[in-house]
Each structure stands twice: as C-alpha cells, then as structure tokens.
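Colleague: Test case, fold it:
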Amino acid sequence: RRIANFYFLIIFLVQLMIDTPTSPVTSGLPLFFVITVTAIKQGYEDWLRHKADNEVNGAPVFVVRSGSLVQTRSKNIRVGDIVRVAKDETFPADLVLLSSDRADGTCHITTASLDGETNLKTHYSVAETSVCQSVSQLEALQAVVECQQPEPWQVQPLGPENLLLRGARLKNTKEIFGVAVYTGMESKMALNYKCKSQKRSAVEKSMNTFLIIYLGILLFEAVLSTILKYAWQAEEKWDEPFYNQKTEQERNSSPILKFISDFLAFLVLYNFIIPISLYVTVEMQKFLGSFFIGWDLDLYHEESDQKAQVNTSDLNEELGQVEYVFTDKTGTLTENEMQFRECSINGTKYREVNDFCHLSSIQIGEELLFLKAVSLCHTVQISYDQPDCLVGGGDPFSHVNGFSTSHMEYYASSPDEKALVEANHLRYKLLHVLEFDANRRRMSVILQTPSGKTLFGLRTLVVACRHFSPEEYIDVDRRLNSARTALQQREERLQEAFSYIERDLQLLGATGVEDKLQDKVQETIEALRLAGIKVWVLTGDKHETAVSVSLSCGHFHRTMNILELLQQRSDNECAEDHFFLCYSALLEYYIIVIHCHLTDVLIKEDHVIQHGLVVDGASLSLALREHEKLFMEVCKNCSAVLCCRMAPLQKAKVVRLLKTSPEKPITLAIGDGANDVSMIQEAHVGIGIMGKEGRQAVRNSDYAIARFKFLAKLLLVHGHFYYIRIATLVQYFFYKNVCFITPQFLYQFFCLFSQQTLYDSVYLTLYNICFTSLPILVYSLFEQLVHPHILQSKPALYRDISKNSLLSFRTFLYWTLLGFCHAFVFFFGSYILMGEDTTLMGNGQMFGNWTFGTLVFTVMVITVTLKLALETHFWTWMNHFVTWGSIAFYFIFSLFYGGIIWPFLHTQDMYFVFVQLLSSGSAWFAIIIIVITCLFPDVVKKVFYRHLQDSLSICPLSRSFLQSTFHVQAAVWSLLVTSIDSQNTIFANTLVLSHTYLILSSLLSALDMFCNLL
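Modeller: The predicted structure follows:
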C-alpha cells in the first residue's frame, strides 16, 4: 500500500552500498520517523479495537463443571459446556435451551443487538431437560446434539424456538441453562460477518498514482543526467582534468558498472522529489482530525449520553466522497417503537388525544369486547423492578401492596402489541397461543373467562373474536397438542390447525398503530438527495411494512413512480420484469430529453419523473445470478431503491455489486444490528448506529453515531472539510518537493554533472521534517473554505467535491507546473544575482558554492510557506504561530547550526555561511525580489477571485483577469525601470528575471482560472 516506504528503503540500502553524494542519514532518518509515527498511530487504533473486543470476549460467564458453577471468560466456552445466563445478560454463544426458572420451561429474549428488533421473543426448553433445575441434575445430564434430520424413535427434534443466538439478551426470566452448540466464529452472528479487509480511501489511491508519476520524473532526470554526464566527459579535458586525475582502479572499471553506479548516485541525489514525509503528515492529520468528530456537540445525543465515535481515522476524507448510502430500516430509520393512534369500533373511529384514546359509552358491548380483545390477545410480558412484590400471591396491580404500575416494564413479541396493551389490566386464563407467522400474518389466543367461558381472540390490524363451547374447545385443544408434538411436518400440521381455529369470527373493529421514526430522518434523507447521494434501504422486513416506512421517511415520494420486482420464481420471469422496469424507467426520461432538446430548454432535475424500485430477496437472487447488468441499469435510473426480505449476506452482496460497478462509486453502509455488520464491512465507509442494546454494528464499523440524523453533518460538513484539507495537503506536498529538488537538478548543468549536492545534508534532512511540515499540518486540521452552517443549509455544495474532483489530473498538473516555475525562479534568480561580475560582500569577496545553495534554500523555504498562507481561508492563532514561527525557526536554526564548529561532523562546510549571507544587503534584496516575483501572480489571482467572480460573467472575468494582470505587471515594470539605474547589473538582471517570470506565471494562473471556470 505504501509504495514510498518501499522506495525509500531501497534508496537507503543503495546509499549504504555505494558512494553517493548524500549521507544515508538523509533517507534513513525520514524513513524511520515515518514508520515510527505510522506504527504509533495504527497501534493506538488497534489497541482501541482490542479493548472493545476484550469487553465481549472477556465478559464473565458461569458454566457447569465438576458439579458446580465455575466462572470463566466467554472466549473460553467450548462446545458442550452448559452455560448459565441470568436476566439482562447477553448470550455468549449459540445455546440450546435446556431449562429455565419458569415452570413451563420458557424464556423471553430480545434480539435488538442482532436485528434492531426490541420486541420480546419466546423460546422453549427441550421437554426432556426442562426439569433439570439444579447444577447437580445438569452435571449428570448425558445427551448428544446432532445437526441432522430427526429420527422420531431416537431423538428429540430441536427447532429455532429451542436455540438462543449469541448476542441476544435474556429478559423477564431470572436465569436459564443452555448447552453451547456453536461458539466463536462458528456462531450464527459471526457467520454473517465477512472477512474484514483493510479499507483504502480514494485519496490514498490518488497519492500512489501521483507517486508513480513522480517516480517516472525521477527516473527521467536520473537517466538524463547520467547520459549528459558521459556526453560531457566525451571531451578529454572534462573526462580527466588536471586537478582531478583518475585512479588506476577507476580507469580499469567496467563501463556498464560505472553507468549503473552513476545512475544510482543521481537517483539518490534527486530522490527527495518523492515526499516520504507526505505519508506521516497524512497519518497525523487523519489521527488528530478524527478527534473533531468526537468533540462535535452537534453529534452528541443527550438522551443516551452518547457522542460520535471514530474507530478508524484512515477514511476521514472518504466521508466527503460518498455517492450511495445503504441503510437498514429497523432501529436505524425507525425507533422500533409503535404508537397507538386510532381505532375503529362498529364503524365509529376514535382518535388518540393527549396520549389516550377516549371512548364514549364504554358500557356498550362492542366497545367493551373490542377492548377486551386488544388487552388479551397478545404475548406481552411484564418485568417488575421489585421482583419480590408478588410474594404471597398479592395483586401486581394493587397499590395496597406498595406496588405502582410505574414500576412495570412491558415486553412484547411485536412493538404494536405493546402499544395496544398498556394501561389495560384484566384477569383471564390463557389456554393457547397461536403464534404469529409471516404466511398468516396474524396471531390468536384462546382464553378462559372468569366465569369459565372459553373465548377465542384474533389480533391483526383487524380485531375479531369467537366463542367456543366446551366440546369445541376439547377438539381444538386436541388438534393443537397433536400438531405441536409432531416430529415430522410440524409446521404444516400447525398451519392446518390454525386455519381450522381461525374461522367463523365476529368482527370487533380495527386498530391504527404508527411505527415511530427517528427524529429528523426525513430531513436527513432529503439533504442527502440534494447533495447528490442516492439512498438505498436494505431491510429484512416484509414488503408492505418496508414500503410504508419508505414513504413516511421521505425515501419514496407520493409522486414517485414505484417499480416492483417481487416474488420472482424463475429466470425468465425475472428477465421479463427487468426489461419492463428498465423500459418504464428510461422511456419517460428520453421523452423529456427529446422534448427539452426540441424546445431548447435545459433539463432540470424537476423535469424528470423520479422512479423508485422495490425488490425482494428472492427476486434479487435471480437478478444477480443471470441479469446483473440489466438490474444495474434499472437501479441507476431510479432515484431510490428499497430491498426487502434481505438476508445479511445479501445486503453485503448488493453493496459489493455497486462498489465494483464500472463507475466505482464510493459507498456508505449504516445500520445498528449484527445483521448489518456484513454490509458495514463491505462498504467503503461503514457507520454503526448506537442502538438501545448491543454494540456489534458499532464495534465493526469505521464510525459510530447515536442517531441517523447525525449522518447529514458527518458527511456534508466533516466530510467536506476533511476532503478539501487532505486534497490540498497532498497537492501542496508534491509542489514543495518539486520546488525543493528541481534546483538540485538544474545545478548539475553548472557542475559538469559531478553529482555535487546544492544543499547541505542537514537541510536535506530537515526540509520536510521541520522547516515546512507544521504549517501544512495545521492548515489540514483547521481550514474551512465554507462556514459549517452554509454547508448544512446548502447540501448541493457537496456535489462540488464529488468524484475526487480536487485531486484530478488537471489540478495535479497545475501544482506540478507551478512547482517547476517557482524552482526555476529560485535557481536562476539566485544565479543571475550572483553572476561572475557581481560582488555581494562589502569587502568585494565573492560568495561560494554553499552560500549559493543556502540562498536558494532560504528563498524556497520562505516562498513555499507564504504560498500556503495565501491558500489559507480560515486563520486561527495556531496558523499564525506555525506560519511565521516556521520561518523564524529556519533563520534561528541556520544561525545556530552555522555559528558553531560541530566536532562530530566530518566537514564544516556551513560554518559561518549563513551569517555571511545575512550580512549582505544585496542578498536581502534578492530574497525579497525573488519571493515577490513568485507570489505576485497568486496575490493578483486571489484578489480577482474574491472581488470580481460574483459580479462578472465567465468570459468577461477571464478577459479582465488577463488584461488587469498584464496592466499591473506593466506598471510595476515601468516603475522599476524609471527608479533604478539600469547600469546596475544586479537590479537589471532582477528586472529581466521578474518580468519574464510574471508573464509565465500570469499565463499559468490564467490557464488555471479558465479551467476552473469551465
């Protein structure tokens, strides 16, 4: 992944093996620094993940061993261990329920951490083991669990109702005992995970691409320098001058080996064009920048006391590039809390007023019977905060016993049950429960009234009842017991029994229950749509429920044309429906396109009819198997897609399908349960919702937030900032390294390609580490091109940075060419000022090689620092401190480094060089002129961008920019010519250099501006 690290390792080894113009320290020290910082950052994030994993794997559990309960850690559970789980504890493995403290051997669980469902589910212990209530009985238990088809005369069949899945939580039951059948990565929850791979952002991929381009430039410069060296040495006077005679070994050495050695030496000399410190700065920016998400109070949920969490900082900038959002429904878009709103009884509708549904004339038979059916036909369980309140057979609803209804908590098998039952307390004997299933879509109960009469109640959206005679109930009881104890075809026999019972019903009324959405879900989805992000809902819920929630949350609009691909059973049917959907979606679009073309009207988003697609899991499997491309064409022409009845791995497959499509869009998946983990891991960016129970999605995500509404700011604000900051950081690093190493290349033309270095080795080492690193790091942490409130109020601004636009080849080319232009000015500006007839010291003394290199380096440090200052829009005290402090630090360090003789250095080339340089007034003048020459076009461009872009049209803006730029330059030129003696060689050369560069820079700036306007 990190090509630069491998490259610098090779360069470091080359410096150790052959004689090179620079010390191995110049490559080894930065490489060591980069790897150390990266290791610390990655190690810290791994430690946080390890800490979170330990909370689960190291949770204390009790298992039955050697006739007693032994405490151990959950990761030590083995298949066959008998585990005790107490109330409100999470199951540490997949368990078969052996017994519970309830007389009927049942227990109640919630699976909120698995699928977001907060409703209560009832599970049953194995009939033969339900009597094993003590540890000694369980220790003596001898049994074998086999995963195969049951044989009725040998074994007791086990079903889903006997299995307690890892991650679920025990509710309303004091304790249970279960035998572990699947543990660790073999549990059902873990099998839904995918192999977690290291995610890479689009910016990192662009960095590697740019790195390869710069590697090509480096190889070109090294090869060209090697060839020119031998071309120059073709003349005998340059091959072996009198002052540098060759040794006998050099004369007899192989020409091929000499060529390779010289090529490697030039490679080492120019190697700093590859910015190794870019990676460490990026790592620090990502790590430090990630804290802003956790500190953002707008992402803090006060009710649950939860703040946003960053599990990996490697993908911060990817938040600004999202094109598709895949979201779960239950627990992510909804609260999974049903609210009773209204009901209809005997044709009369009653609505909720102030959280209570008022019924007049309650004594009327229909209303009373309706309320009885609603209150009794359910599987709601009650949890008491005072477990000892029922001792002695007291009435749980009696205030005499000191117990209030405020101490009760309701748990139901579905959220709408809980909404219908609250505040109704009646006494009936429950005889049978006909459980809800997806085919019947209803549940029923058989009750005995206090008077002994048998009553049957049916609850769906419609409420009905049926009265049984004693003879009828005996027949019903026999059928149900026979079906439930069947060892073969149990489901079919139960369906037959349920159908026999649920007939000849008396209609009582209907209920209206609303699934509560999370706060601001509709506004968030609309903001994402305006930002150009398509939202797909992937849920395991049935079709009707999923469509209803999509409409209520704004995912689907009432005016949207809904296309459905449901209940496909064959490839031919699936293909026919695909073609029909694609035809429907495209036909209307092309009609509008032709109409707008003929009427010369621009196509707007409002003109196009929006389509929504609904597809279920079975149809999706067929579509992806044989008609993947056709399915993708349909999806691309739909504004919103809803996939229902989806298995966890199907969710991941859909994400992978979009992620690997030819367009390679950036995807984001968000969910709250363990069934969402696979798609969270598959997407480029995975976000976990901190649900009411469980943290599986949070632990496996890249980021975690408390509510879906926080997604808008996370993407539109934080994502926008992170991407702009890191994109500028990358471009700036390449720019300043081109500025740094190009003078080194130009210098070889003046030293006969002798591989003489222009800069001192200390400057080579510290340029990227100390002198120019802090300003860009602080910029990448605090820069704000647009105010956060504007980014949130205008989501369309998110489109401006999509498709990795700020790291396009055009912007890369601009920064690279700007770096070469500045480098030419640094070198030739200094060279012209230090011509052969120029004396820069007061005593007439000439400057030497190291003074020339120091002058170039000084101008370069000042220019690249001020260039970043011009790019900064949001100034803080930190920006001022590091910008001016870096320049001051360079001068102080250079004075200190050159003012002392260092005994551990082999040479003292820089002794007193910097002091002499600063003692020359001409040198100061040269520094000022060269810096102004480089940055003047940027100042002009910034002024015109800021003051004229809003008031002028595109074409006049371009023309006025060019005209004004050349007018200003002409005025400066005239002023300098009239005020300075043209006989002064230094100033005349400076004027020629300045004006020539201004023209070139103006053309470059104008080209950049023109490209931006296009």
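Colleague: At the geometric centre of the chain, which residue do we find?
Modeller: Val685 (2.9 Å; C-alpha atoms, centre = their mean).
Colleague: So for it, what's the pLDDT?
Modeller: Per-residue confidence (pLDDT) for Val685: 93.
Colleague: From here on, call the first residue 636.
Modeller: All right, first residue 636 from here; so that's Val1320.
Colleague: Not counting sequence-adjacent ones, nearest residue to it?
Modeller: Leaving out its chain neighbours, the residue that sits closest to Val1320 by C-beta to C-beta, 6 or more residues apart in numbering is Leu1303, at 4.4 Å. (Each C-beta comes from the backbone N, C-alpha and C, glycine too.)
Colleague: do you know how far that neighbour is from Cys742?
Modeller: Going from Leu1303 to Cys742 by C-beta to C-beta, to the nearest Å gives 38 Å.
Colleague: of the two, who's got more company?
Modeller: Between Leu1303 and Cys742, counting by other C-beta atoms under 10 Å, Leu1303 is the more crowded of the two (30 against 26).
Colleague: Just confirm that one contacts Val960, I think it does.
Modeller: Yes - when contacts are counted by C-beta atoms under 8 Å, Leu1303 is listed as touching Val960 (5.0 Å).
Colleague: Could you pull up the contacting residues of Ile895?
Modeller: Taking C-beta atoms under 8 Å, 6 or more residues apart in numbering, we find Ile895 in contact with no residue.
Colleague: Could you measure from it over to Ile646?
Modeller: Ile895 sits 15 Å away from Ile646, going by C-beta to C-beta.
Colleague: Next: Met1078.
Modeller: Applying C-beta to C-beta to Met1078 and Ile646 gives a distance of 72 Å.
Colleague: Kindly report the same for Val1491.
Modeller: Using C-beta to C-beta, Val1491 is found at 23 Å from Ile646.
Colleague: And for Leu1350?
Modeller: 40 Å.
Colleague: Can you get me a residue count around the spatially closest residue to Gly1306 that is not a sequence neighbour?
Modeller: Nearest residue to Gly1306, sequence neighbours excluded (C-beta to C-beta, 6+ apart): Asp963, at 3.7 Å. By the measure other C-beta under 10 Å, the count of residues near Asp963 is 29.
Colleague: Could you do Ser1256 as well?
Modeller: For Ser1256, the neighbour count with other C-beta under 10 Å is 15.
Colleague: Pull the number of nearby residues for the nearest residue to Tyr1433 once chain neighbours are set aside.
Modeller: Among residues not flanking Tyr1433 along the chain, Ala1166 sits closest, at 3.7 Å (C-beta to C-beta, 6+ apart). By other C-beta under 10 Å, the residues close to Ala1166 number 23.
Colleague: Please list all residues in contact with Ala1166.
Modeller: By C-beta under 8 Å, 6+ apart, the contact set of Ala1166 is Leu1350, Leu1351, Pro1430, Ala1431, Tyr1433, Arg1434.
Colleague: What are the structural domain limits within this structure?
Modeller: Domains of the chain are assigned by the TED database as 713-782+791-817, 944-968+1153-1340, 975-991+1000-1019+1042-1149.
Colleague: Pipe the ones you listed into JSON lines and attach distance to Gln1366 per row.
Modeller: Listed next are the domains of the chain as JSON lines, based on distance: least, C-beta to C-beta, whole Å:
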{"stretch": "domain 713-782+791-817", "distance to Gln1366": "43"}
{"stretch": "domain 944-968+1153-1340", "distance to Gln1366": "13"}
{"stretch": "domain 975-991+1000-1019+1042-1149", "distance to Gln1366": "51"}
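Colleague: Out of the ones you listed, which gets the lowest mean score?
Modeller: Per-stretch mean pLDDT for the domains of the chain is lowest at domain 975-991+1000-1019+1042-1149 (a mean of 75).
Colleague: Between the two ends of that domain, what distance do you get?
Modeller: With C-alpha to C-alpha, to the nearest Å as the measure, the ends of domain 975-991+1000-1019+1042-1149 fall 6 Å from one another.
Colleague: Distance from the chain centre to it, please.
Modeller: On the basis of C-alpha atoms, centre = their mean, to the nearest Å, domain 975-991+1000-1019+1042-1149 sits 45 Å off its chain's mean C-alpha point.
Colleague: Same question for stretch 1319-1338.
Modeller: Put simply, stretch 1319-1338 sits 11 Å off its chain's centre (C-alpha atoms, centre = their mean).
Colleague: Is the closest residue to Phe1103 other than its chain neighbours bridged to anything, and to what?
Modeller: Of all residues not flanking Phe1103 in the chain, Thr1089 sits nearest, at 4.1 Å (C-beta to C-beta, 6+ apart). For Thr1089, the beta-bridge partners under DSSP bridges are Gln1083, Phe1103.
Colleague: Quick check: Thr1089 vs Thr1180, distance?
Modeller: 33 Å.
Colleague: Tell me which of those two has more neighbours.
Modeller: Neighbour count, other C-beta under 10 Å: between Thr1089 and Thr1180, Thr1089 has more, with 20 against 15.
Colleague: Against Leu954, how distant is Ile1436?
Modeller: The value you get for Ile1436 to Leu954, if C-beta to C-beta is used, is 11 Å.
Colleague: Show me whatever sits in contact with both of those two.
Modeller: Common contact partners of Ile1436 and Leu954 (C-beta under 8 Å, 6+ apart): Tyr1358.
Colleague: what about the two, which has more around it?
Modeller: Leu954 (27 against 19).
Colleague: My guess is that one contacts Leu1350. True?
Modeller: Yes - counting by C-beta under 8 Å, Leu954 does reach Leu1350; the two are 5.5 Å apart.
Colleague: okay, the residue lying closest to Lys710 once chain neighbours are set aside: pLDDT?
Modeller: Spatially, and ignoring its direct neighbours in sequence, Lys710 is nearest to Asn692 (4.0 Å; C-beta to C-beta, 6+ apart). Asn692 carries a pLDDT value of 82.
Colleague: residues near Asn692, how many?
Modeller: By the criterion of other C-beta under 10 Å, Asn692 has 14 neighbours.
Colleague: and it, how far is that from Thr882?
Modeller: Using C-beta to C-beta, Asn692 is found at 67 Å from Thr882.
Colleague: Same check on Asn1514?
Modeller: To Thr882, Asn1514 is 55 Å away according to C-beta to C-beta.
Colleague: And those two? Which one has more around it.
Modeller: Between Asn1514 and Thr882, counted using other C-beta under 10 Å, Asn1514 has the larger neighbour count: 19 against 8.
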